[in-house]
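Asker: just need the structure, nothing else, for what follows:
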Amino acid sequence: MLITLACLLVPVSLLTVWVHDIVLDTRRYVATVAPLASDPAVQAAAVGRIAQAADVRVDGPQITADLAKWLEAQGLPPRVGTAVKALGPQLDEAADTAVSKVAARFVEGERFETVWTGANRVAHASVVRALTGHGRGPIEVEGGTVTLDIGAAVETVKEDLVKAGLAPAEKIPEVNKQMVLFHSDELGKIRGAVHLLDVAGNWLPVFTVLLAAAGVLLARRRRRALVTTALCAAGACLLVALGLVVARHYYLDHLPAQVQSPAAAAAVFDTLVHFLRVSLRTALVLGVVVALGAYLSGAGRLPLALRGKAESGADAAARWGAGHGVHAGGTGRWVEEHRRWLTTGALLLVALVFALWNHPTVLTVLLLVLILLAVLAVLALLAAGGRADPGADRRP
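Answerer: Residues are numbered from 1 along each chain as shown. Just a heads-up that it's a prediction; the model follows:
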């Protein structure tokens, strides 16, 4: 029962860490969403929203009508005035094109990244308020919708338009245009669950590890229990990862009307859950590595055969070294006598490093495994050297 409960709590613990370290931590949140400023889908959506917010309208027909009237007053034929009047729609289109070009140039530049990061940092308080019901934010969250104010971006585009010679841009009023980040009708209902996860914080992962350790220690066959625990925990993480895929499809298929760019919404979703996916993959790989290590340390035919070949290889290497004047001496004999404790210490040290590692990844797991294998190989070579030393004490 302890092992089953621990396996069920593994993905919940990862969700807790994700909520606490990413969603509820301003620095972590800003670092998470910062890459969105260079995402093509988000940039295209931002250009459209900024251009829509700016909404510079040049009254082309009125301008061309006045110009045609003036030309006719100067004695030009009426057909010239008619041709000039026909340019009215083109003037409107040219103004809209100018706004879009300036907005695109701004969004694709470094200034947009600065505005985006600053706006997200300010808006994060609203995200925390939306998920926990606590805290203060300048942006009100209503109806389960979290938005991002792009008024600063509109003001910057307005200045660029005026500098480019488009005088009507000076009449753009101050706007409070908002880009919808995400929307959920269940946002109010999950506040209690998110608050519970936030309170659990860093303690739920520790509690999960203690449950798993207690279950393994109380089992009759501890090695088999450890293998079962690691594989079941990895399987639980795999199920949650598959659930994220299903949730993503469901979310994109049920976007609210105010979300005008499905591609941008997909980019936002993928970015927000990026570190959660990394954590799930890391836990999955860690579970498989632990299960494999526990199995290979057992008394089965395959583990015994593999360990026998490894020891034979170490002995052969030690004999070769002894034949070339390389001896382990007293160090080798000491390692041979205390090898079990040294191996246990190496395992505990690697486990401690992993526990203290800030946001470990799959590469972290593989790196620590390689380091552990290297340490075990060195211990095996030293122990083999101690056995090959003519002065070594022979034990039955």
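
Asker: mind naming the longest helix for the protein?
Answerer: Using DSSP state H to assign secondary structure, the helix with the most residues in the chain is helix 222-253.

Asker: looking only at pLDDT, what's the mean for that helix?
Answerer: Rounded to a whole number, the mean pLDDT of helix 222-253 is 93.

Asker: which other helices and strands does the very next helix or strand once past that helix contact?
Answerer: Using DSSP states H and E, the helix or strand that follows helix 222-253 in sequence is helix 262-272. The elements that helix 262-272 packs onto, with contact taken as 3 or more C-beta pairs under 8 Å, 6 or more residues apart in numbering; DSSP states H and E, are helix 26-33, helix 40-54, strand 178-183, helix 222-253. (C-beta placed from N, C-alpha, C; glycine too.)

Asker: point out where the stretch 151-300 of the chain drops to low pLDDT.
Answerer: Applying pLDDT under 70 to the stretch 151-300 of the chain picks out residues 151-154, 164-194, 197, 260.

Asker: show me the contacts for the residue nearest to Leu239 when sequence neighbours are not counted.
Answerer: In space, and not counting its chain neighbours, Leu239 is closest to Pro11: 7.5 Å by C-beta to C-beta, 6 or more residues apart in numbering. Neighbour list for Pro11: Ala236, Cys237, Leu239, Val240, Leu280, Ala283 [criterion: C-beta atoms under 8 Å, 6 or more residues apart in numbering].

Asker: repeat that with 6 Å
Answerer: If a contact means C-beta atoms under 6 Å, 6 or more residues apart in numbering, then Pro11 has Ala236, Cys237, Val240 as its contacts.

Asker: got a pLDDT number for it?
Answerer: 91.

Asker: using the three-state scheme, assign it.
Answerer: Secondary structure of Pro11, reduced to three states by DSSP: H, G, I helix; E, B strand; the rest coil: helix.

Asker: that older thread, now, of the contacts of Pro11, which are buried?
Answerer: Applying a neighbour-count criterion of 16 or more other C-beta atoms under 10 Å, the buried members of the contacts of Pro11 are Ala236, Cys237, Val240.

Asker: which residues does stretch 13-20 contact?
Answerer: If you take C-beta under 6 Å, 6+ apart as the criterion, stretch 13-20 is touched by Leu197, Asp198, Ala200, Gly201, Leu204, Pro205, Thr208, Leu276, Ser279.

Asker: quick check: the gap between the third one and Ala317.
Answerer: Distance, Ala200 to Ala317, using C-beta to C-beta, to the nearest Å: 50 Å.

Asker: all strands for the stretch 1-150 of the chain, in order.
Answerer: Assigned strands in the stretch 1-150 of the chain, in chain order: 145-149 (criterion: DSSP state E, counting those that start in this stretch).

Asker: and the helices in it?
Answerer: In chain order, the stretch 1-150 of the chain shows helices spanning 2-18, 26-33, 40-54, 60-73, 78-85, 88-107, 110-132, with DSSP state H, counting those that start in this stretch as the criterion.

Asker: pLDDT on the fifth one, on average?
Answerer: If I follow you right, that is helix 78-85. Helix 78-85 shows an average pLDDT of 60 in the prediction.

Asker: pLDDT weak spots in the stretch 1-150 of the chain?
Answerer: Applying pLDDT under 70 to the predicted model, the residue ranges of the stretch 1-150 of the chain that meet it are 52-96, 98-99, 125-127, 129-150.

Asker: mind running it again at 50?
Answerer: Across the stretch 1-150 of the chain, the ranges flagged by pLDDT under 50 are 136-139.

Asker: who's in contact with Arg223?
Answerer: Listed by C-beta under 6 Å, 6+ apart, the contact partners of Arg223 are Ala294, Gly298.

Asker: ok, it to Phe354 distance?
Answerer: When distance is defined by C-beta to C-beta, Arg223 is 20 Å away from Phe354.

Asker: before we move on, the earlier item: so of the contacts of stretch 13-20, which ones are in strands?
Answerer: Among these, no member is found in strands (DSSP state E).

Asker: just say helix, strand or coil for Asn358.
Answerer: In three-state terms, and counting by three-state DSSP, Asn358 is coil.

Asker: make 510 the first number, not 1, from now on.
Answerer: Will do, 510 is the new start, and the previous item becomes Asn867.

Asker: just give me the neighbour total for it.
Answerer: Under the neighbour criterion other C-beta atoms under 10 Å, Asn867 is assigned a count of 6.

Asker: about what we covered before: from the contacts of Pro520, which is closest to Leu805?
Answerer: Nearest to Leu805 out of these is Cys746 (C-beta to C-beta; 21.9 Å).

Asker: tell me the contacts of the closest one?
Answerer: Pro520, Leu789, Ala792, Leu793.

Asker: and for Leu517?
Answerer: Applying C-beta under 6 Å, 6+ apart, no residues qualify as near Leu517.

Asker: now it: how far from Leu785?
Answerer: Going from Leu517 to Leu785 by C-beta to C-beta gives 17 Å.
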